[in-house]
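# sharing a model that was predicted from the sequence below.
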Amino acid sequence: MNVNKFIISKKISSRYLIHQILDGVFINRRTKTQTIDYLRSKKFFFEEKDIAQAERITDFIFGHLNSIDDKLFLFLKKKTDISVVNILRIVISEIALKESPDYALVNSAVDLAKTSFKTKYFSGLINAVSKSLISKNEEKDFLFKSNLESNFKNYLVKNYSKEIADNIEKIYTLNNTLDITIKSFEEIETWKKKLEAILLPTGSLRIKKNVKLIDLNGFKEGKWWVQNISSSIPIKLLGNVKDKNVLDLFSAPGGKAMQFIALGANVTCVDQSSFRIKMLKENLARMKMKTEIIKTDFSRFRSQKKFDIVLIDVPCSATGTIRKNKEVQYIFPKKRLNNLLKIQKDSLNMAKKFVTDNGLILYCNCSLFSSESECQILDFVENNRDWYFEKFSKKNTKIQKDWLDKFGFLRLRPDHLFDLGGMDGFFAAILKKKVQ
């Protein structure tokens, strides 16, 4: 069977994508983005509306998995093949979100089963369970409660507190906004009015995620770019960076590089991904910004030049982005985390080679795990006695006191700014050389 032609003919492209994302997470331990990139490499084509529906339904599934499975396993055996279970998770989610008429839900689920050798022999089961779910919901509307994956929540309870874990669990499924950074500080109030945005405490604007970016006033003109408030904060705490030479070791897609450029710094961008560099170049062109871009792995970067600031926004587990990447809580095989920890440690040891005597390393990531954050900094200063970490000041008016941890590092959580809808989790630390 030509699956691509089949899903188009049956008008189930979005459901096929949803199913692939679910199998990617629960079987292959891939993120949504990795699955979409993989399918595109296999010449699958998905329209924007397919991807939008896939995001909407998978977000609902990842955020309410316990409630979904509690209802599903009233009609299934616990050992049912996970790929079959994933098809039925789609059915119950579409019932909850009222995505399609009941007959269409059943027909599309059966068609979806035919696309894989693993599921095609379960068409009868899928048909029967789908109808049972619809009947059960007609008797009494299903209720769904957001939940975090149990191991992930236990980690948050142990390393933060039960109250914080509960707050994150409450808020992380309610993300329907985008944060943006305005290119010119003087124009923040202007764009707040034009975009009907909320002004956040640090100068970012928050807008509703109800239209395409390219249709928003100022996007094509390069007046602003998308950047979560938490990601934008570290650079705002550095003070005056005008004319500073900055090395950005994991630069693409370029949010922080554009921050530095807008503030008058001279930036050298390094990234190894051709796809991500393409995004970086497109973003810079739209913002009418120019900088040097070097395509190489950070470990192979060589330069005689020293920099005032070396930024390393390192690859990480991305647990802090759980509001928009809800699947990350389900994909933490130990090997993957160990690989990330090594990259983070190596990047710190590489960064120190390129810092001027009076310069600094800005280390940051979007992880909630201390092993990727505080522990990396403490280990670095322990093994490099000529370096120290500089605390962020609680007197800084740009940040709230509970945004700093006991070490003085910036430790942002998804439940911060709770009443405004939260923010991404983020960590940042400043490292400096000791004066001889």
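That came in fine, so what should we check first?
# so where's the chain uncertain?
333-334 (pLDDT under 70).
# and it, split by domain according to the record?
3-139, 177-433 (automatic domain parsing).
# between those, which gets nearest to residue 153?
Closest to residue 153 of the domains of the chain, according to CB to CB: domain 177-433, at 8.4 Å. Any C-beta I mention is one placed from the backbone N, CA and C, and that applies to glycine too.
# just checking, what packs against the longest strand seen in the chain?
The longest strand of the chain (DSSP state E) is strand 355-365. Other helices and strands packing on strand 355-365, by 3 or more CB pairs under 8 Å, 6 or more residues apart in numbering; DSSP states H and E, are helix 229-236, strand 307-313, helix 334-351, strand 426-433.
# for the first one, list the C-alpha coordinates in PDB.
If I follow you right, that is helix 229-236. Below are the C-alpha coordinates for helix 229-236, written out as PDB (Å, rounded to 0.1, in the frame of the first residue of the first chain):
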ATOM      1  CA  ILE A 229       9.600  35.800  28.400                       C
ATOM      2  CA  SER A 230      11.800  33.400  30.300                       C
ATOM      3  CA  SER A 231      14.200  32.900  27.400                       C
ATOM      4  CA  SER A 232      14.600  36.700  27.000                       C
ATOM      5  CA  ILE A 233      15.400  37.500  30.700                       C
ATOM      6  CA  PRO A 234      19.100  36.400  31.100                       C
ATOM      7  CA  ILE A 235      20.400  38.900  28.500                       C
ATOM      8  CA  LYS A 236      18.300  41.700  30.000                       C
END
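# on that earlier part again, now do the longest strand of the chain against strand 426-433, angle only.
Per axes from the mean of the first three to the mean of the last three CA atoms, to 10 degrees, the angle that strand 355-365 makes with strand 426-433 is 160 degrees.
# flag every buried residue along the helix or strand following strand 355-365.
Next helix or strand after strand 355-365 toward the C-terminus (DSSP states H and E): helix 374-383. Residues 374, 376, 377, 380, 381 are the ones in helix 374-383 that count as buried (16 or more other CB atoms under 10 Å).
# packing partners for helix 374-383?
Secondary-structure packing of helix 374-383 (3+ CB pairs under 8 Å, 6+ apart): helix 334-351, strand 387-390, strand 426-433.
# what sits up against that helix?
341, 344-345, 348-349, 363, 387-389, 405, 407, 409, 411, 427, 429, 431 (CB atoms under 8 Å, 6 or more residues apart in numbering).
# go again with 10 Å.
314, 316, 341, 344-345, 347-349, 351-352, 361, 363, 365, 367, 369-371, 387-389, 405-407, 409, 411, 427-431, 434 (CB atoms under 10 Å, 6 or more residues apart in numbering).
# got a quick PyMOL command for the buried subset of those?
To isolate the buried subset of the contacts of helix 374-383 in PyMOL, counting by 16+ other CB under 10 Å, use the following:
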select buried, resi 314+316+341+344+345+347+348+351+352+361+363+365+367+369+370+387+389+405+409+411+427+428+429+430+431
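# if you count contacts, what does the host helix or strand of residue 154 end up packed against?
Using DSSP H and E, residue 154 sits within helix 150-159. Applying 3 or more CB pairs under 10 Å, 6 or more residues apart in numbering; DSSP states H and E, we find helix 150-159 packed against helix 162-171.
# and the helix it packs on with helix 150-159, angle?
Here helix 162-171 runs at an angle of 140 degrees relative to helix 150-159 (the same axes, to 10 degrees).
# give me the buried positions along helix 162-171.
For helix 162-171, burial by neighbour count (16+ other CB under 10 Å) applies to 164, 165, 167, 168, 169, 171.
# report the next helix or strand after it in sequence order.
Following helix 162-171 toward the C-terminus (DSSP H and E): strand 177-182.
# residues contacting the helix or strand following that following strand, please?
Counting by DSSP H and E, the next helix or strand C-terminal to strand 177-182 is helix 188-194. For helix 188-194, the external contacting residues (CB under 10 Å, 6+ apart) are 180-184, 187, 197-199, 203-207, 216-218, 223-224.
# helix, strand or coil for the residue nearest to residue 332 when sequence neighbours are not counted?
Of all residues not flanking residue 332 in the chain, residue 317 sits nearest, at 6.5 Å (CB to CB, 6 or more residues apart in numbering). Three-state call for residue 317 (DSSP: H, G, I helix; E, B strand; the rest coil): coil.
# roughly how far does residue 317 sit from residue 375?
Distance from residue 317 to residue 375, counting by CB to CB, to the nearest Å: 13 Å.
# mind listing the shared neighbours of these two?
Common neighbours of residue 317 and residue 375, counting by CB under 10 Å, 6+ apart, are 341, 369.
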